[in-house]
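In: Give the three-dimensional model of this entry:
(2 chains)
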Amino acid sequence: MTELNINTPLTEDTVRKLSAGDMVKISGIVYTARDAAHKRLCTLIDEGKELPLDLRGQVIYFVGPTPPPPGRPAGSAGPTTSCRMDAYSPILIRRAGLMGMIGKGERSQEVIDAMTEGPCVYFAAAGGAGALLGKCVTASKLVCYEDLGAEAVRKFTVKDFPAVVAIDCHGGNLYKR
Amino acid sequence: MMRKISFDKIRKEIESLCLSAAFDLPDDVENAIRKALKSENTERGRAFLKQYLENAELARNERLPICQDTGVAVFFVELGQDAAIEGGLLADAISSGVNDGYKAGFLRMSIVSDPLFERKNTKTNTPPVIHLKLVPGDKLKIILAPKGGGSENMSSLAMLKPSDGRKGVVDFAVNTVIKAGGNPCPPTIVGIGIGGNFEMAALLAKTALLRNVGIPNPDSHYAELEEEILQKINSSGVGPQGLGGSVTSFAVHIEIMPCHIASLPVAVNLNCHAARHKEIII
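Out: Sure, this is the predicted structure:
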């Protein structure tokens, strides 16, 4: 099993080198967003309006963290079920340049097709290990949609965030058995 | 003579129950993860199981939520018929304790008021779900089992025909778990309710999740059925986080009830590996 350290934002080159099954430690910037924020971002794209953040080369982490206790940048922050974002991810990959996603569970064929075109990579993190994953967050800044509470978009700086390449941009897919 | 239990006492107990449920993984669940670490046959699967153990320790020591999805607060309440609540309604005391506990512990507020249209967060994590049973005695027993959305969303119910029999139940349960894949955060605990009626089957399935992990049904026929379903699930290859492996579920728990001559209701309620449950007796 390969173990790789990767930095974000991603480059096309990095994305193409990743294969399903690679264990990775992610360091750099990831943006948090769940379905409610995805819906708003895709509505803006549909209406031809500017997004509140530049997603080119970026990674979105599907997470709704707990509020940070005093003195910490983030609370518990494990992945949520990714298929709820399936309706939106292809739009963000094709039209906003998104290159990476972190979540848990399978993705639809439409998402996988968009990832191949992208390119874009999908990482799976340990669902239910929120305390451990939250500790990898070294800084957090609100970007937009504060009214969504836990579902607001935040810019997380992460260090050595453990994940697995679950679906790569070449069609490799650990969920296929 | 009625024993009096004060509203405030209940509210305070619920507040601390919310915190310990969110931070302290129960021993039976942690032991199930340790046991799975020995039997899981993939390196990737074992890597995830190790992360769960590390996570449980970190959460306990640093008072952090085990999972960011601190869930719907689901309560199973047994109220002794010789006890009376003084100073307010039982449901209000529980709700108020949930609000206080979730705020004090920096837990996630995960409830929206309108399920379909507005979906606005109530910002109190209320209302909770409360199942109340009147029992003999003058005590108040409260179990809190916070339930995350990931595993709840993959649960399922079927109104089988009596002729579907044992095979129908096995197939439905196994397929529900396989179809769920990595979404419910496997390894899961599989609660199965058989019998009752439409709503009782679902409640039985949820009640089955309260049993300590791996304790078999006292009836040997159902204990065998639990074992058969577990083996079929674990030979599916779904594995930890659905990324392949030999441990997809820690245990299958079945609860049953008598049912109508025309019916065979079956419900499957999945729980993630962060299966939280805590109880108090007042």
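
In: Can you name the next helix or strand after the helix ranked longest in chain A?
Out: Using DSSP state H to define each element, chain A has its longest helix at helix A:35-46. Next helix or strand after helix A:35-46 toward the C-terminus (DSSP states H and E): strand A:59-61.

In: Direction included, what does that following strand pair up with?
Out: strand A:23-32 (parallel), strand A:100-103 (parallel) (DSSP bridges).

In: Please identify the most buried of those.
Out: strand A:100-103 (a mean of 28; mean count of other C-beta atoms under 10 Å in any protein chain shown). Every residue, glycine included, has its C-beta placed from N, CA and C.

In: Pull that one out as CSV, backbone CA atoms only.
Out: Only the C-alpha atoms of strand A:100-103 are listed here, as CSV (Å, rounded to 0.1, in the frame of the first residue of the first chain):
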residue,chain,number,x,y,z
GLY,A,100,-10.6,17.2,-5.0
MET,A,101,-13.4,16.1,-2.7
ILE,A,102,-13.2,14.4,0.8
GLY,A,103,-16.1,12.5,2.1
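
In: Could you give the separation of that strand from the chain centroid?
Out: 3 Å (C-alpha atoms, centre = their mean, to the nearest Å).

In: Can you report the mean pLDDT over the residues of it?
Out: In this model, strand A:100-103 carries a mean pLDDT of 98.

In: Please apply the same query to stretch B:229-239.
Out: 97.

In: Stretch B:120-130 too?
Out: On average, stretch B:120-130 scores 95.

In: Just the buried positions in it, please.
Out: Along stretch B:120-130, these residues count as buried under the neighbour rule (16 or more other C-beta atoms under 10 Å in any protein chain shown): B:121, B:124-126, B:128.

In: Does chain A have contacts with that stretch?
Out: Yes. For stretch B:120-130, a contact with chain A is found by C-beta under 8 Å from any C-beta of the partner chain, at B:121, B:123.

In: Stretch B:174-193 too?
Out: Yes. Using C-beta under 8 Å from any C-beta, stretch B:174-193 reaches chain A at B:181-183, B:185.

In: go on, stretch B:267-282?
Out: Yes. Residues of stretch B:267-282 contacting chain A under C-beta under 8 Å from any C-beta: B:272-274.

In: Residue B:17: neighbour count?
Out: Other residues lying near residue B:17 total 23 when counted by other C-beta atoms under 10 Å in any protein chain shown.

In: ok, the residues of stretch B:174-193 next to chain A vs residue B:117, which is closest?
Out: Nearest to residue B:117 out of these is residue B:183 (C-beta to C-beta; 25.2 Å).

In: mind listing what the closest one touches?
Out: The contact partners of residue B:183, by C-beta atoms under 8 Å, 6 or more residues apart in numbering or on different chains, come to A:81, A:83, A:104-106, B:150-151, B:153-154, B:242.

In: where along the stretch 151-282 of chain B do the strands fall?
Out: B:156-160, B:188-196, B:249-259, B:264-271, B:278-281 (DSSP state E, counting those that start in this stretch).

In: So which of the ones you listed is nearest residue B:76?
Out: Nearest of the strands of the stretch 151-282 of chain B (C-beta to C-beta): strand B:278-281, 8.3 Å.

In: what comes up buried for that closest one?
Out: residue B:278.

In: Please apply the same query to stretch A:29-42.
Out: Those would be A:29-38, A:40-42, for stretch A:29-42 by 16+ other C-beta under 10 Å.

In: what do you get for stretch B:84-99?
Out: Those would be B:85, B:90, B:93-99, for stretch B:84-99 by 16+ other C-beta under 10 Å.

In: likewise stretch B:41-52?
Out: Within stretch B:41-52, judged by 16+ other C-beta under 10 Å, the buried ones are B:42, B:44-49, B:51-52.

In: among those residues, which are in reach of chain A?
Out: Answer for the buried residues of stretch B:41-52 near chain A (C-beta under 8 Å from any C-beta): B:44, B:47-48, B:51-52.

In: can you pull out the helices in chain A?
Out: Using DSSP H, helices in chain A cover A:12-17, A:35-46, A:89-96, A:109-117, A:130-134.

In: Quick one: neighbours of residue 10, just the number.
Out: Went with chain A since none was named. 22.

In: my question was about chain B
Out: Neighbour tally, residue B:10, other C-beta under 10 Å: 25.

In: Now do the strands in the stretch 1-150 of chain B.
Out: B:3-6, B:74-80, B:83-86, B:129-135, B:140-144.

In: wait, residue B:127 sits on residue B:94?
Out: No. The criterion here is C-beta atoms under 8 Å, and residue B:127 misses it with residue B:94 at 9.2 Å.

In: circling back to that earlier point, wait, which of the contacts of residue B:183 is closest to residue B:12?
Out: Among these, and counting by C-beta to C-beta, the member closest to residue B:12 is residue B:151, at 29.4 Å.

In: Please flag which of the buried residues of stretch B:41-52 sit within helices.
Out: B:44-49, B:51-52.

In: Can you name the residues that contact residue B:147?
Out: Residue B:147 sits in contact with B:71-72, B:74, B:271, where contact means C-beta under 8 Å, 6+ apart.

In: next one: residue B:111
Out: Contacts of residue B:111 (C-beta under 8 Å, 6+ apart): B:72, B:121-122, B:124-127.

In: still on that earlier bit, ok, which pair from the contacts of residue B:183 is furthest apart?
Out: Maximum distance among these (C-beta to C-beta): 15.3 Å, for A:106 and B:151.

In: Fine, thanks again, bye for now.
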